[in-house]
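1. generate a structure from the sequence data that follows.
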Amino acid sequence: MLREATVRYLRATDMKLPWILLPLAVVGCGRKSAPATPVVATEAASEANPRTIDRGDGCVVEVTREGAGREAHVGDDVLVAYDAHVKDAEATIASTRGWDAPCRFRIGERGTISGLSRGLEGIRAGSKIRIEVPPALGYGKDGCPGSNVPADATLVFEVELLGVR
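-> Numbers count the residues shown, from 1 in each chain. As a prediction, this is how the structure comes out:
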């Protein structure tokens with residue numbers, strides 16, 4: 001369902017479907033057979049052997065699947081699917097699961113958790129990553145009142161970077 005929603009969203013927003021996602025969108029749409037083999041996976045990183053990037057500001061990125069699409073930079077519009085939780089807690093605080101379309105935002109834009117933007121910098125479309133966001137790049141000393149995010153919480157985002165524009 002997310003695959004079809006992604007294709008519809010990209011068409012509606014005039015965002016070009018990255019060539020690397022095209023086989024996934026075309027092969028799997030409407031079929032009940034076995035899922036298509038992910039063509040974006042490489043030997044450089046895997047869930048069993050992730051590549052780790054330390055941003056030097058407390059933000060740590062683990063690449064579990066290397067994408068082959070365009071690299072994301074500050075100012076780029078990105079299309080992501082994600083789940084987020086507080087480190088060492090099981091409850092999900094945010095997720096795109098169940099959405100009709102993936103989340104779209106501009107890297108570095110105000111209103112976006114800076115650790116999420118920071119974690120996506122230099123990552124290629126098609127990648128799956130895990131971003132550990134320190135409190136200073138998340139909700140800080142106040143947390144997020146009215147949610148499951150306490151003060152000084154480290155956040156963890158499991159992200160699939162679907163597109164970069």
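2. can you verify residue 115 is assigned to a helix?
-> Yes - the assignment for residue 115 (DSSP: H, G, I helix; E, B strand; the rest coil) places it in a helix.
3. need the next SSE after the lowest-mean-pLDDT helix or strand in the chain, C-terminal direction.
-> None of the helices or strands of the chain scores lower by mean pLDDT, DSSP states H and E than helix 22-28, at a mean of 26. Proceeding C-terminally, helix 22-28 gives way to strand 51-54 as the next helix or strand, assigned by DSSP states H and E.
4. chain center to the helix or strand where residue 61 lies: distance?
-> Using DSSP H and E, the secondary-structure element containing residue 61 is strand 60-65. Centre-to-centre, strand 60-65 and its host chain are 10 Å apart (C-alpha atoms, centre = their mean, to the nearest Å).
5. partners of whichever helix or strand comes after that strand in the sheet?
-> Per DSSP H and E, the first helix or strand lying C-terminal to strand 60-65 is strand 77-86. The strands that strand 77-86 pairs with in its sheet are strand 92-95 (antiparallel), strand 103-106 (antiparallel), strand 155-164 (antiparallel) (by DSSP bridges).
6. can I get stretch 134-143 in CSV, CA atoms only?
-> What follows is stretch 134-143 as a C-alpha-only set of coordinates in CSV (Å, rounded to 0.1, in the frame of the first residue of the first chain):
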residue,chain,number,x,y,z
PRO,A,134,20.6,13.4,21.1
PRO,A,135,18.3,15.7,23.2
ALA,A,136,20.1,18.9,22.0
LEU,A,137,19.1,18.0,18.4
GLY,A,138,15.6,16.7,19.3
TYR,A,139,13.2,18.1,21.9
GLY,A,140,15.8,19.2,24.4
LYS,A,141,15.5,19.7,28.1
ASP,A,142,11.7,20.4,27.9
GLY,A,143,10.8,17.2,26.0
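7. pLDDT below threshold where in the chain?
-> For the chain, applying pLDDT under 70 flags the ranges 1-44.
8. how close does residue 84 get to residue 143?
-> Distance check for residue 84 against residue 143: by C-beta to C-beta, to the nearest Å, it reads 14 Å. (Glycine included, C-beta is placed from N, CA and C.)
9. who has more neighbours, those two?
-> Neighbour comparison, residue 84 and residue 143: the larger count goes to residue 84, with 20 against 17 (by other C-beta atoms under 10 Å).
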